[in-house]
Each structure stands twice: as structure tokens, then as C-alpha cells.
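> need a 3D model of the sequence below.
(2 chains)
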There are 2 protein chains.
Amino acid sequence: MEGDKASSGCGSLVLLNCFVSMFGNRVRIALKRKGLAYEEKPENLADKSPLLLSSNPVHATVPVLLVGGKAVCESLVILEFIDEAFAGSGEPLLPAAPCARAHARFWASYVDTKLPQCAARVWKSPKGAAAVEEGKKDLVAALKTLEAELGAKPYFAGDALGYVDVALVPFAPWFLTYERLGGFSVAGECPALAAWAERCVAENACVAESLPEPEQVFQFVCGMRRMFGLD
Amino acid sequence: MEGDKASSGCGSLVLLNCFVSMFGNRVRIALKRKGLAYEEKPENLADKSPLLLSSNPVHATVPVLLVGGKAVCESLVILEFIDEAFAGSGEPLLPAAPCARAHARFWASYVDTKLPQCAARVWKSPKGAAAVEEGKKDLVAALKTLEAELGAKPYFAGDALGYVDVALVPFAPWFLTYERLGGFSVAGECPALAAWAERCVAENACVAESLPEPEQVFQFVCGMRRMFGLD
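Got it, this is the predicted structure:
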């Protein structure tokens, strides 16, 4: 349990996570941003713990946030939960106005609908497969769409980190992997988005403390690819 | 504009929808349940209106709820918007407690993650393709998972229609199509879920008034299949 943090008031908070998971790392960022005390239990996704399997029997994956022993699953659902259950701790993730909340939810949903699927074709396909090139093309298109939505704002939410930023920024440590396997440059294709990702880390301790090094992600993926005979 | 309904207080409400859309019909149900006055503009998805394309440029699909001219897109996002913007009208869709809200959002997300993809393999695949059988198997498994979550409750939300019910019930008029093309019976596989779907219609005018006849859906799908040469 981390010391000197706000008490949750809902019982102890335990996060089941894997250090490279963009979904689990969203929850890390949100918990740290709210200044909530929590314990993290690392999961090996190749050998899942009985606790993970029993607390998320439907999807059997991270993240799970155990709240006084009760499981809350699915990363965006957990972000909303944290925002609602701990409304008194720190800045809210979502804005107050219903239209602005809908706008933020739309873009977080866009991230989840597009990025994992496009990216998976880049890093889970056999070397040289047509799927890599197709996945890269769709991934770049999705990143460009996100960059257009960011526009000239420092953050998706405006002047400070918000819900869409928290949903998207854990993909940033994966950019290096996408670039090496897909043969492109995120900064070259989407300079404003690359600058946004750097800004998120540089200006927000909750982000900097939550994300793995890009090289760590790449080595993790290389291990996965060797295991599945993709190279 | 329908008469004798609560005013939205946010400007006029216009729903861009297609009568068979399970996503659009979620919004219909929510608007009717809240007693909100709205205008519906039917969309032909084979020839989308300039209004649809300009108001949902990212996904270019229904539903779109225009709120005083401002577009809110994505059906679950729209349901949350309606619940928040019109909190004073009718019963809320989501429960009050953060854990219960997370539970409902988890299951609505499950519906969106599983059902459309499984069902599409059943009704969008060429006759006799292996994908039909695989899609049917996954669809039945997903429906059984939902039936287990329903348990002995009358509604997913408990004693009355709630968020998960509204998210799922617009799939019910499609069951006949899945059954005819997949060669199975929803009531045979999931009797409690089939009874729940009938209960939703029988006990809730907002549902009964919002859904197409199953035979209409089947004829619509047959037309699509002819157009794409799938039979």
C-alpha cells in the first residue's frame, strides 16, 4: 500500500495489472491523479492468477480494480467509477456539462474501437504479412483522426489532462513498437500528437509514474513474437 | 415533433435513426422512457443524408442525437447523455451507486463487444459458410453469458427496465433473423432471456413503441443479402 495518500472511503483498492497494459495503465494514472492509496498486484498474462480469473470471469483479463474486495472491470468503466466514487478527491476526469461529457466519452470510445485492433495487426502479425501494412495504414489514419480532434489544444480536455488523455496516453509507450514493426514514424505522421504524448509525461507526474519505457514494451513484444513464432 | 411530452430544456431533440438499428432504437427507448419530445429523421444507410454525414463525420452512421443542433454520437454515449442532461425527467437509466453504475456499464459494454460481431457473422456471411456456424456458436455463448447475468431477476437492473435492458433489448427483434440464418432457437438455448425480451415489450410501452417487427427485420436482412449476393 502506498503511504501518504487519500483514503478511498470505499474499502481498500487493489489493482490487478500488467506493466505493459495500456488498459491497466489508464487506471494507474487515474488512481495517482486522484491521489488515492492503492496496492498493485502484477499479473503474468501467460499464467493468470486465480484472483484475476475469479474477479473477472467474463473477460479474464486486466485491469481489475478490487474495491473493498468487490471487482470493477473494464478500463473505461473503472475510470468512470473512480471519477464517481471519489468525486471529492482531486480534479474530476470528466467535465461537468453533459454535452462535454458525451464528447469525451465519444473519443475514448473511438480510441478503444480503433487503436487496439489496428495496432494488433501491426504487432501480432507474422513478419512481412500483408496485415502489417494494412494495420499500419489504419493505425496512422486513426492517429491522424485523433490528432485532428486534439487540434491546437495542449490536451484533449483543453488546458489540463482529462478523460480522453488518460484513455489514450498509455498507448504512447507502444508507439516505438508500432514504428519498428510497421516501418513508420508517429512523430513524422502526427507531430502534434507526438508532442502531446511528450507533454502528458513531462507535465503530469501521474502519467510519468504510470507508464513503462518504450524499449521495455518493445522487448516484451519481441518475447511474445518469439513465443508465437512470428519473426 | 411529438406532442404532449416534456420539453428538453437543451433545445430541440432530433434523432437520426434507421428503423432496424439496434443502436438507434436504444435511443428511441431512452427518449420515450424519459418522456422527451423529439423528432425522428429516418436514414437510408445505403444513401446517407448530408445531415448524417456532417453530424457524425467520424463514423458516418446512426444514431445521432442532435441537441439544439449539436450532435451527440454513439448509442451508449447518447444514453448516458440523456440520463445526465434530463436527470429531472422520468426514472434514471443508470442506478445511483458508483459500483452499481460500473456493473451496468460493464454489461452494456459486453453487449457491444460481443453481440454485433457474433451476429454479423451469422447474417452477413454467405449461405453455408463456416463463419455462420462459428458465429452462431459464439452468439449463443454470449447470449448464455447474458442469461446467467440476468439470473432470476425480471430485468437486468432488478425490478424495472434499466441501462443494460435498454442496451440489449433492441437486439431482440433480430433474434428471428439469427435463428433462421443460423438454424437455432434463442428460446431453446436461453429460455429466461427470451422471456425477458417478451417481458420488456409487454411491460414497457417505451420498448413496444420503439422496436420493429421481427419479420420486418428479416425482410430487411434478406434484401441486404440479395444486394450483396450472399444467398
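
> what sits against A:Ala30?
With contacts taken as CB atoms under 8 Å, 6 or more residues apart in numbering or on different chains, A:Ala30 has the following neighbours: A:Ile78, A:Leu79, A:Ile82, A:Asp83, A:Leu93, A:Val166, A:Cys206. All C-beta spots, glycine's among them, are computed from the backbone N, C-alpha and C.

> err, A:Ser54, not the other one
Applying CB under 8 Å, 6+ apart, no residues contact A:Ser54.

> for it, give its distance to chain B.
Distance, A:Ser54 to chain B, by CB to the nearest CB, to the nearest Å: 15 Å.

> between the contacts of A:Ala30, which is closest to B:Gly69?
Closest approach to B:Gly69 among these (CB to CB): A:Leu93, at 27.4 Å.

> element containing that closest one?
Here A:Leu93 is covered by no helix or strand, with elements defined by DSSP states H and E.

> residues contacting A:Tyr178?
Applying CB under 8 Å, 6+ apart, the residues near A:Tyr178 are A:Ala119, A:Val122, A:Trp123, A:Lys136, A:Leu139, A:Phe184, A:Val186.

> count of neighbours near the last one?
When neighbours are defined as other CB atoms under 10 Å in any protein chain shown, A:Val186 has 22 of them.

> what sits closest to it if chain neighbours are left out?
Distances taken as CB to CB, 6 or more residues apart in numbering or on different chains put A:Phe175 closest to A:Val186, at 4.5 Å, once the chain neighbours are dropped.

> the one you found and A:Ala197 touch, don't they?
Yes - applying CB atoms under 8 Å as the test, A:Phe175 and A:Ala197 come out as touching, 7.2 Å apart.

> picking that back up, in JSON lines, list the contacts of A:Tyr178 along with secondary structure.
Output for these, formatted as JSON lines (DSSP: H, G, I helix; E, B strand; the rest coil):
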{"residue": "A:Ala119", "secondary structure": "helix"}
{"residue": "A:Val122", "secondary structure": "helix"}
{"residue": "A:Trp123", "secondary structure": "helix"}
{"residue": "A:Lys136", "secondary structure": "helix"}
{"residue": "A:Leu139", "secondary structure": "helix"}
{"residue": "A:Phe184", "secondary structure": "coil"}
{"residue": "A:Val186", "secondary structure": "helix"}
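
> okay if I get the residues you listed as JSON lines plus pLDDT?
What follows is those, written out as JSON lines (pLDDT from 0 to 100):
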{"residue": "A:Ala119", "pLDDT": "97"}
{"residue": "A:Val122", "pLDDT": "96"}
{"residue": "A:Trp123", "pLDDT": "96"}
{"residue": "A:Lys136", "pLDDT": "97"}
{"residue": "A:Leu139", "pLDDT": "98"}
{"residue": "A:Phe184", "pLDDT": "97"}
{"residue": "A:Val186", "pLDDT": "98"}
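
> farthest pair within these?
A:Trp123 and A:Val186 (13.9 Å).

> contacts only, for the closest residue to A:Phe220 other than its chain neighbours.
With CB to CB, 6+ apart as the criterion, A:Phe220 has its nearest non-adjacent residue at 5.0 Å, and that residue is A:Val20. Neighbour list for A:Val20: A:Pro173, A:Trp174, A:Pro212, A:Gln216, A:Val217, A:Phe220 [criterion: CB under 8 Å, 6+ apart].
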